[in-house]
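1. predicted structure and sequence below. I'll ask about it afterward.
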Number of protein chains: 2
Amino acid sequence: MKITNTLLQMVKTVSITAITVLSFSAHAADDKVYRLKLAETWGPNTPILGDATKNMAKIANEMSNGRLQIRVDSANKHKAPLGIFDMVKSGQYDLGHSSSYYWKGKVPNTLYFSSMPFGMVTTEQYAWFYHGGGMELMQEVYAPHNLLSFPGGNSDIQMGGWFKKEINSIEDLQGLKMRIPGFAGEVLARVGAKPTNIAPGELYTSLERGTIDALEWVGPAFDLRMGFQKIAPYYYTAWHEPGSETQFLVNKRTWEKLPKDLQVILETSFRVAAFDMYTQALDANATSWSKMKAEYPDIKVRDFPPAVLAEMRKATDELLQEQASKDPQAQKIIESQAEYLKKSRAWTAISTKAYLDTQ
Amino acid sequence: MKITNTLLQMVKTVSITAITVLSFSAHAADDKVYRLKLAETWGPNTPILGDATKNMAKIANEMSNGRLQIRVDSANKHKAPLGIFDMVKSGQYDLGHSSSYYWKGKVPNTLYFSSMPFGMVTTEQYAWFYHGGGMELMQEVYAPHNLLSFPGGNSDIQMGGWFKKEINSIEDLQGLKMRIPGFAGEVLARVGAKPTNIAPGELYTSLERGTIDALEWVGPAFDLRMGFQKIAPYYYTAWHEPGSETQFLVNKRTWEKLPKDLQVILETSFRVAAFDMYTQALDANATSWSKMKAEYPDIKVRDFPPAVLAEMRKATDELLQEQASKDPQAQKIIESQAEYLKKSRAWTAISTKAYLDTQ
């Protein structure tokens, strides 16, 4: 598209004099180029997460024939990886890509739209978002902040983390120093562990020197290069983030300025980039796990014992009940998720789980 | 968009005289309306499958600002539910929506792009399509027929079917008359059953009167209204279609006539409609299973015994080996799927399966 806005204005003017005003002006308006800025939490060239934003921008550009131009700024540019919510709310950026639970200190009910301990797996959660009322609840939480929020891609089910020692009972968690931020950290604190947060660059050294005894990161696709398998032999299976969804945020004024076709193009680009990120994450986890197993055959995959899981689940339920009792909106979201989990898991149990169990 | 093609031609002509030809003509070409016809295998108002085509047409129309107008013809209109391949190949229709394994009598290697017994579950298969070479193999099979093929939406993992008697050993399958068409039918024939195909409208009566002893249909979302639960108490879990993908077919000449932006819009509409159909199917299965359990608490969900599954798996492997030995392209596809299944299932085993097993 080499045509400039000025040229387009001329085209409009000339055409309008020649033809009926109403029909053509509706058409000519379509040629305006919208330049949007997106801020992402991730550093430059972050695989999977960073691919989602670039894929989204590319597909929106192609589908709009160049009328949507989205510039993606990584954290090295805007210097505020955890400032996405505020920057999009204020209009400093039009769009953001991040994860909803990062905003729980600011807007507590944003917590529920990433992934919850003992909650839905990715596919169940997508069904909840799109067919079980999840999208509507998410908009209700974000609307007062001048924001629209959309699922932004799933990084797949997360592993429970790397442990230097085996966990055989709840006693083994007492005083255990673990890097596990957010709500899952609160759950672990309630069962006796000592959750901490540590900058990514210091994780390996902290685990190696015993500053921490365990940590959770993501899954094989992100864990492999971190090298934790060299210093912590036990790789525990999932409980705290069974399907971590990222999010696209949109400034509401930006959204309202877009013509209808570009709104649909943008929303569809979000949805496709989100699903694509999920299949990419699945593929990357499978490929990385295959490599990891081959290079480090001594990795010991473990499930937490049933008694330990029962305690962690009890702590999760207590924390959720406390939040529900303080806040009607939290209660509504927690109940919606619990009901949908119950219904969808009953089906998952006789379908996917049954199939995988017979293999 | 009330603007007509004739009016658009006038606008183009007038504008071109006023402005530079090159820049504006590139733009004016965008305003052409493309009217495409899609034939679907499904009857009118078929839920889930029929929703996917209508959703696709709607979103393509909105994103193109009306430049893509897709008319969906159901089977009652074109009268050839299993003629989609031929009608799109010949150009009688521009687009089709159906399932790849319907064409195996015509082009044997189309079999592999729907779902295979003991094969990948839906999420693993999407990862194979988009990141494991599946899309490329599918195009290779369809290209000689003047066709492009895209994943068209997943109807979710299918149940193993409704049985009047419990299956306790391979002996119980000897001579068992079961409605189970296609490749899965060939597998069952090899272990001693008598597979048949019966028109959907006659299934209930056939099962009730004992013309057949068992049948597979889809899953709760489609089975509930068929009423099989009233006459066959055993509902067996999945083995033969762990993630049934439908497909969008495109006539290659139609595709090549579309400008680049409309190609991307069409392909993205396919991809989004496909993913949306999967979450819709998941939701519908969960909801229908919940109703079914409540209304028919005597339904007995059963896994096939390990020895029976082992025989069916052996028969599947033998049939695949026979096909691979006769046809290098079949061999390439079968090996690609087997390798990807191995890699992705190793990850599924320590992630989703482990998580579901601890619940």
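-> The structure has been received and is ready for your questions.
2. CA atoms for contacts and neighbours, from now on please.
-> Noted.
3. which residues of chain A fall in strands?
-> A:34-40, A:68-73, A:95-98, A:147-154, A:161-163, A:177-179, A:194-196, A:214-215, A:234-236, A:245-251, A:300-302 (DSSP state E).
4. buried residues, the first one. List them.
-> Neighbour counts over strand A:34-40 (16 or more other CA atoms under 10 Å in any protein chain shown) mark A:34, A:37, A:38, A:39, A:40 as buried.
5. spit out the contact partners of the third one.
-> Looking back up the chat, that one is residue A:38. By CA atoms under 8 Å, 6 or more residues apart in numbering or on different chains, the contact list for residue A:38 reads A:70, A:71, A:72, A:73, A:93, A:94, A:95, A:96, A:97.
6. could those residues be laid out in JSON lines, adding neighbour count?
-> Converted to JSON lines, those look like this (neighbours: other CA atoms under 10 Å in any protein chain shown):
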{"residue": "A:70", "neighbour count": "21"}
{"residue": "A:71", "neighbour count": "16"}
{"residue": "A:72", "neighbour count": "20"}
{"residue": "A:73", "neighbour count": "20"}
{"residue": "A:93", "neighbour count": "22"}
{"residue": "A:94", "neighbour count": "23"}
{"residue": "A:95", "neighbour count": "29"}
{"residue": "A:96", "neighbour count": "28"}
{"residue": "A:97", "neighbour count": "30"}
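7. and the stretch 151-300 of chain A, which residues reach chain B?
-> A:157-159, A:237-239, A:242, A:260-262, A:264-265, A:268, A:271-272, A:275, A:279-280, A:282-283, A:285-287, A:289-290 (CA under 8 Å from any CA of the partner chain).
8. restricted to buried residues, select those in PyMOL.
-> Restricted to buried positions by 16+ other CA under 10 Å, the PyMOL selection for those reads:
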select buried, chain A and resi 157+158+159+237+238+239+242+261+262+264+265+268+271+272+275+279+280+282+283+285+286+287+289+290
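9. among the residues of the stretch 151-300 of chain A next to chain B, which are in helices?
-> If you go by DSSP state H, those have A:260-262, A:264-265, A:268, A:271-272, A:275, A:279-280, A:282-283, A:285-287, A:289-290 in helices.
10. what about stretch A:166-175, average pLDDT?
-> Average pLDDT, stretch A:166-175: 98.
11. so which residues make contact with that stretch?
-> In contact with stretch A:166-175 (CA under 8 Å, 6+ apart) are residues A:191, A:192, A:193, A:194, A:234, A:304, A:305, A:307, A:308, A:311.
12. mind running it again at 6 Å?
-> By CA atoms under 6 Å, 6 or more residues apart in numbering or on different chains, the residues outside stretch A:166-175 that reach it are A:192, A:193, A:194, A:308.
13. centre of the chain versus it, how much separation?
-> 30 Å (CA atoms, centre = their mean, to the nearest Å).
14. pick out the residue closest to the middle of chain A.
-> With distances taken as CA atoms, centre = their mean, chain A has residue A:246 as the residue nearest its mean C-alpha position (1.6 Å).
15. do I have it right that that residue meets residue A:102?
-> No - with contacts counted by CA atoms under 6 Å, residue A:246 stays clear of residue A:102, the gap being 10.1 Å.
16. okay, now the unreliable bits of chain A?
-> For chain A, the stretches with pLDDT under 70 are A:1-30.
17. domain map for it?
-> As assigned by automatic domain parsing, chain A contains the domains A:33-156+A:244-283, A:158-240+A:297-323.
18. who wins for proximity to residue B:57 among those domains?
-> Closest to residue B:57 of these is domain A:33-156+A:244-283 (CA to CA; 13.1 Å).
19. start to end distance for the closest one?
-> End-to-end distance for domain A:33-156+A:244-283, by CA to CA, to the nearest Å: 36 Å.
20. having no further points to raise, I will conclude here.
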